[in-house]
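The sequence and its predicted three-dimensional model are supplied below.
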There are 2 protein chains.
Amino acid sequence: MEIKVLKDILNANDQIAANNKKLLHDKGIFTINVMATPGAGKTSFIIETIRRLKGKLNVGVIEGDIASSIDSEIVSKEGVPVIQINTGGDCHLDASMISKALDNMPLHNINLLLIENVGNLVCPAGFALGEDLKLLISSTPEGDDKPIKYPFMFHVADIIIINKTDLLPYLKFNMESFIKTISSINNNIKIFPVSCTTRKGFDPWITWLMTQI
Amino acid sequence: MEIKVLKDILNANDQIAANNKKLLHDKGIFTINVMATPGAGKTSFIIETIRRLKGKLNVGVIEGDIASSIDSEIVSKEGVPVIQINTGGDCHLDASMISKALDNMPLHNINLLLIENVGNLVCPAGFALGEDLKLLISSTPEGDDKPIKYPFMFHVADIIIINKTDLLPYLKFNMESFIKTISSINNNIKIFPVSCTTRKGFDPWITWLMTQI
């Protein structure tokens, strides 16, 4: 009985996600669902991506947080449209939250929509939003064992951004073993190591992103 | 209707948590629910705490993970009883999982039970397990804005461990503002800055813990 209810919720979400995707494609908008644990650098990554795309693409951002509008205030300084979703207590965004946010987003003005999900390495993996790509940011201080402990998130992701590479000299983090583990879970994944602090590593990511849109 | 179902689940959980607590108190066991985002250092903190308590208290550990038994394998090297719970996809431990684990824990041999929850800064906050204290580990690379974005977790915690203080020289992290924000959410909270890498800061934590048991 409980399983049935859960199935219904997920099906309903998938239906709304499909509607979001159709709307976004009709408007010519490419959409990325940015997921990560709290503090992995989602907002910093989005900001650096916006800066690198200036003059190339018009970006819009949806910020998902349990509470506060800190992130949307920071991102809006980049001169792009931003919608803040506060989930209350919910641990992930869902398609119906995105549907409401899209009603308030100037869709005719953007080519790329970046959705920052709630910081959580578990729940967001199960909820489609209407995105073209799922991007997971995994930061080096979290440790190189995360793919083994949170396999579903690494399994559903299309792209892994390995952030905070500037901290590698101060950490026990085996990059080779980390990438090997990810590849064993998800063979098709694209991996980009970056540092949002030093801004290193963004060129390959931006070049690849431009080929996708 | 949905709210009612959720309420029933939470009430059922609270009931089982109360049973767990009674059983643990009857056996003279003090229990701490250790929560944090993935990679904040829960396992390292538990290991250093076990080492500091050697000869003072007998510790038992329950390890909660979505998948794998990496953490329980590491912790069992400390010579303490360890039970691994794999939640499958569940994003938090609940009281009934703990109840089953307690059936397999040598309760007559331990004075302190440390429960490592699933790495998640949202969902575990809502589920009592039967613990005496909720301990939240917040690591410096996550940033000093986390209490504002995940207020419920900081609200329910009795203790905050600020881990990875050894990385402070390489990060933008305002310790004063972080502690001030935590205090504004939760005035009664105890805060202990530590580094599991350099092992600094553990003396005040262990001294305080011994006064509680």
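Cool, the structure landed.

could you pull out the strands for chain A?
In chain A, the segments counted as strands under DSSP state E are A:30-36, A:59-65, A:82-86, A:112-116, A:133-139, A:159-163, A:190-193.

Surely A:Ile162 is in contact with A:Glu176?
No: if you go by C-beta atoms under 8 Å, A:Ile162 and A:Glu176 don't touch, sitting 11.9 Å apart. Backbone N, C-alpha and C define where each C-beta goes, glycine included.

Pull the number of nearby residues for A:Lys172.
A total of 9 residues lie near A:Lys172 under the criterion other C-beta atoms under 10 Å in any protein chain shown.

OK, contacts around it?
Taking C-beta atoms under 8 Å, 6 or more residues apart in numbering or on different chains as the contact definition, A:Lys172 lies against A:Gly143.

From B:Asn117, how far off is it?
If you measure A:Lys172 against B:Asn117 using C-beta to C-beta, to the nearest Å, the figure is 23 Å.

Then A:Ser68?
Applying C-beta to C-beta, the value for A:Ser68 to B:Asn117 is 23 Å.

Identify the residues contacting the longest helix seen in chain A?
Counting by DSSP state H, the longest helix found in chain A is helix A:2-26. Helix A:2-26 has contacts (C-beta under 8 Å, 6+ apart) with A:30-31, A:94-96, A:98-99, A:102, A:107, A:113, A:126-132, B:5.

if we go to 6 Å?
A:31, A:94-96, A:98-99, A:127-130 (C-beta atoms under 6 Å, 6 or more residues apart in numbering or on different chains).

next one: stretch A:27-38
If you take C-beta under 6 Å, 6+ apart as the criterion, stretch A:27-38 is touched by A:24, A:42, A:107, A:110, A:112-117, A:119, A:121, A:124, A:129, A:131-137, A:213, B:37-38, B:121, B:142, B:146.

quick one, which of the strands of chain A is nearest to B:Ala157?
strand A:59-65 (19.0 Å; C-beta to C-beta).

Packing partners of that closest one?
On a contact count with 3 or more C-beta pairs under 6 Å, 6 or more residues apart in numbering or on different chains; DSSP states H and E, strand A:59-65 meets helix A:70-76, strand A:82-86, strand A:112-116.

As TSV, those with mean neighbour count and mean pLDDT would be great.
Below are the helices and strands packed on strand A:59-65 laid out as TSV (neighbours: other C-beta atoms under 10 Å in any protein chain shown; pLDDT from 0 to 100):
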stretch	mean neighbour count	mean pLDDT
helix A:70-76	18	95
strand A:82-86	20	96
strand A:112-116	26	98
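
which one of the ones you listed lies closest to A:Ile46?
Among those, strand A:112-116 comes nearest to A:Ile46, with 5.2 Å by C-beta to C-beta.

Could you check the angle that closest one makes with helix A:2-26?
Put simply, strand A:112-116 runs at 150 degrees to helix A:2-26, going by axes from the mean of the first three to the mean of the last three C-alpha atoms, to 10 degrees.

number of nearby residues for the spatially closest residue to A:Leu168 that is not a sequence neighbour?
Leaving aside its sequence neighbours, A:Leu168 sits nearest to A:Thr140 (C-beta to C-beta, 6 or more residues apart in numbering or on different chains; 5.7 Å). Look at A:Thr140: counted by other C-beta under 10 Å, it has 24 neighbours.

what do you get for A:Val118?
25.

was I right about it contacting A:Gly64?
Yes: using C-beta atoms under 6 Å, A:Val118 is in contact with A:Gly64, at 5.0 Å.

Now list whatever residues contact both of those two.
With C-beta under 6 Å, 6+ apart, A:Val118 and A:Gly64 have no common neighbours.

And the most centrally placed residue in chain A, how close does it get to chain B?
Centroid-nearest residue in chain A: A:Val34, 0.4 Å away (criterion: C-alpha atoms, centre = their mean). Distance of A:Val34 to chain B, given as C-beta to the nearest C-beta, to the nearest Å: 15 Å.

repeat for A:Leu168
Separation of A:Leu168 from chain B (C-beta to the nearest C-beta): 11 Å.

From the structure, what's the count of residues near that residue?
When counting by other C-beta under 10 Å, one arrives at 15 neighbours for A:Leu168.

so what pLDDT did it get?
Looking at A:Leu168, its pLDDT is 98.

How about the one 5 residues further on?
We have a pLDDT of 97 for A:Phe173.

Over to A:Gly28?
On pLDDT, A:Gly28 comes in at 98.

near chain B, which residues of chain A?
Neighbours of chain B within chain A, by C-beta under 6 Å from any C-beta of the partner chain: A:37-39, A:65-68, A:70, A:91, A:120-123, A:141-143, A:145-146, A:148-151.

could you redo the last one with a cut-off of 8 Å?
With C-beta under 8 Å from any C-beta of the partner chain as the criterion, chain A meets chain B at residues A:5, A:37-39, A:65-68, A:70-71, A:89, A:91, A:118-123, A:126, A:139, A:141-143, A:145-146, A:148-152, A:164, A:166-167, A:170.

hmm, back to that, the residue nearest to the centre of chain A bridge partners, please.
With DSSP bridges as the criterion, A:Val34 is bridged to A:Glu116, A:Leu135.

From A:Phe154, how far off is it?
Applying C-beta to C-beta, the value for A:Val34 to A:Phe154 is 15 Å.

Over to A:Lys190?
Applying C-beta to C-beta, the value for A:Lys190 to A:Phe154 is 13 Å.

Can you get me the start-to-end distance on stretch A:160-179?
End-to-end span of stretch A:160-179 (C-alpha to C-alpha, to the nearest Å): 10 Å.
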